[in-house]
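Engineer: Sequence plus the predicted model coming up.
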Amino acid sequence: MVRFLEHSRSLVLIAVIFSLLAAVAAFLLGSVKTVYTISALVASHGKDPLAAIALIELMDTFLIATALFIFSVGLYELFISDLSLPNWLEIHDLHDLKSKLGSVIILVMCVTFLKHLVEWQDPKGMLFFGIAVAVVSASLIAFSHFGGRD
């Protein structure tokens with residue numbers, strides 16, 4: 001039974017492979033969006049009022065791709081083997097993985113808020129959305145700072 005459980009950690013490779021594939025797909029999508037956005041900016045001679053929103057959406061796409069990549073690499077490091085990575089990306093335990101993902105999630109929420117702020121259609125809704133982003137961000141920061149390690 002012990003031998004079976006020790007080898008079952010390879011099941012994590014399923015999550016690693018598919019989250020890595022999702023990261024690659026998101027990076028490719030971001031690249032295609034970048035080419036399209038640059039083409040639209042050049043065609044409009046930089047006078048497109050929605051250009052700022054398109055650029056913000058690019059950041060969002062690449063941040064999500066980065067989160068998927070960090071998740072994939074983190075699971076691999078936790079369950080399979082260490083990788084040669086920069087110090088800031090090394091993941092030693094589940095708390096490290098959750099903290100790094102929480103940071104990226106906060107960035108994605110802030111970029112999403114900024115995108116909606118640029119569009120600015122419903123001031124009261126924007127206020128509630130901003131409060132929600134702040135509460136979730138504060139929760140993730142508190143969890144990262146206080147939770148996990150003794």
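Structural biologist: Yes, it's here.
Engineer: Could you report the distance from residue 30 to residue 41?
Structural biologist: From residue 30 across to residue 41, the span is 16 Å (CB to CB, to the nearest Å). Heads up, the C-betas are built off the backbone N, CA and C, glycines and all.
Engineer: out of those two, which sits in the more crowded spot?
Structural biologist: residue 30 (20 against 15; other CB atoms under 10 Å).
Engineer: isn't residue 110 right next to residue 137, touching?
Structural biologist: Yes: with contact defined as CB atoms under 8 Å, residue 110 and residue 137 form a contacting pair (7.4 Å).
Engineer: Point to the helix or strand of the chain where mean pLDDT is at its lowest.
Structural biologist: Ranked by mean pLDDT, DSSP states H and E, the helix or strand of the chain with the weakest confidence is helix 2-7, at a mean of 77.
Engineer: Alpha carbons of it, as CSV, please.
Structural biologist: In CSV, the C-alpha atoms belonging to helix 2-7 read as follows (Å, rounded to 0.1, in the frame of the first residue of the first chain):
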residue,chain,number,x,y,z
VAL,A,2,2.8,2.4,0.9
ARG,A,3,4.5,1.8,-2.5
PHE,A,4,1.2,2.4,-4.3
LEU,A,5,0.7,5.7,-2.4
GLU,A,6,4.3,6.8,-3.1
HIS,A,7,3.8,6.3,-6.9
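Engineer: Great, nothing more from me.
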